[in-house]
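>>> Next come a sequence and a model predicted from it.
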Amino acid sequence: MALTPITKRLVPDDVFDQLLGEVVDGSLAPGDSLPSERRLAELLGVSRPAVREALQRMSATRLVEVKHGGTTTVRDFQRYAGLDLLPRMLVRDGELDPTVARSIIEARFAIAPTVARMAAQRAARAPGSTRTALDGALVRLGEADSPVTRQNARAACWRGTGESASPRRTSA
């Protein structure tokens, strides 16, 4: 029998997760006003302090804009939210969102050469073998003339070895 520990959750966490789901799934669109704290508490069957805490957290993560004494407005989470929402955006309803996955890959490709260059510059203070390997990998990255060659060079930079990621021939 495989038993797993039961995690205790706080009511404000459940309220936050439910509101977050509504925002990420599009049920609450940017510009929509949320019901009042009192109404949300009634709808969710929780206390107003629990709703208030969840809304403060929603505001801290830039998902909503809270106007004291006024309305709470949903913000465009894709524009304003931080990386803490990335896992929730990447997988929705158990399905991988290809648009988000593609954006992550594009961002990585955009910053990879800079990261590799910075690593090579830092390696200048490291032992000679590491520096030589990274320098060689950076040269190959700069000379890459096809997407496959660039990917192999990037892989070598990430490994920090400078070795080609392409399959090696062995004599039989």
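That came through fine. Numbering: from 1, shown residues only.
>>> Please give me every residue in contact with the residue nearest the centre of the chain.
Nearest residue to the geometric centre of the chain (Cα atoms, centre = their mean): Leu86, 3.3 Å. Leu86 makes contacts with 100, 104, as judged by Cβ atoms under 8 Å, 6 or more residues apart in numbering. C-beta: built from backbone N, CA, C; applies to glycine.
>>> Quick check: the gap between the residue lying closest to Arg57 once chain neighbours are set aside and Gly82.
Residue nearest to Arg57 in three dimensions, not counting chain neighbours: Phe16, with 5.1 Å by Cβ to Cβ, 6 or more residues apart in numbering. Applying Cβ to Cβ, to the nearest Å, the value for Phe16 to Gly82 is 14 Å.
>>> Pick out whichever of those two has more residues nearby.
Using other Cβ atoms under 10 Å as the criterion, Phe16 and Gly82 rank with Phe16 on top: 21 against 11.
>>> Next, find the distance separating the more buried one from Val23.
Phe16 is 10 Å from Val23, by Cβ to Cβ.
>>> One more: Val100?
For Val100, the distance to Val23 - Cβ to Cβ - is 15 Å.
>>> Looking at the two, which one has more neighbours?
Remark: of Val100 and Val23, Val23 carries more neighbours, 24 against 16, as counted by other Cβ under 10 Å.
>>> isn't the more buried one right next to Val74, touching?
Yes: here Val23 reaches Val74: they are 5.9 Å apart, a contact under Cβ atoms under 8 Å.
>>> Downstream of the helix or strand hosting Arg88, the next helix or strand is which one?
In this assignment (DSSP states H and E), Arg88 forms part of helix 86-90. Downstream of helix 86-90, the next assigned helix or strand under DSSP H and E is strand 91-92.
>>> And the contacts of stretch 33-42?
15, 19, 28, 43, 47-48, 50-52, 55, 64, 71-74.
>>> which residues do Val23 and Val74 both contact?
Contacts common to Val23 and Val74, judged by Cβ under 8 Å, 6+ apart, are 63-64.
>>> per-residue pLDDT, Thr130?
Predicted confidence (pLDDT) for Thr130: 62.
>>> any common contacting residues for Phe16 and Val23?
Contacts common to Phe16 and Val23, judged by Cβ under 8 Å, 6+ apart, are Met58.
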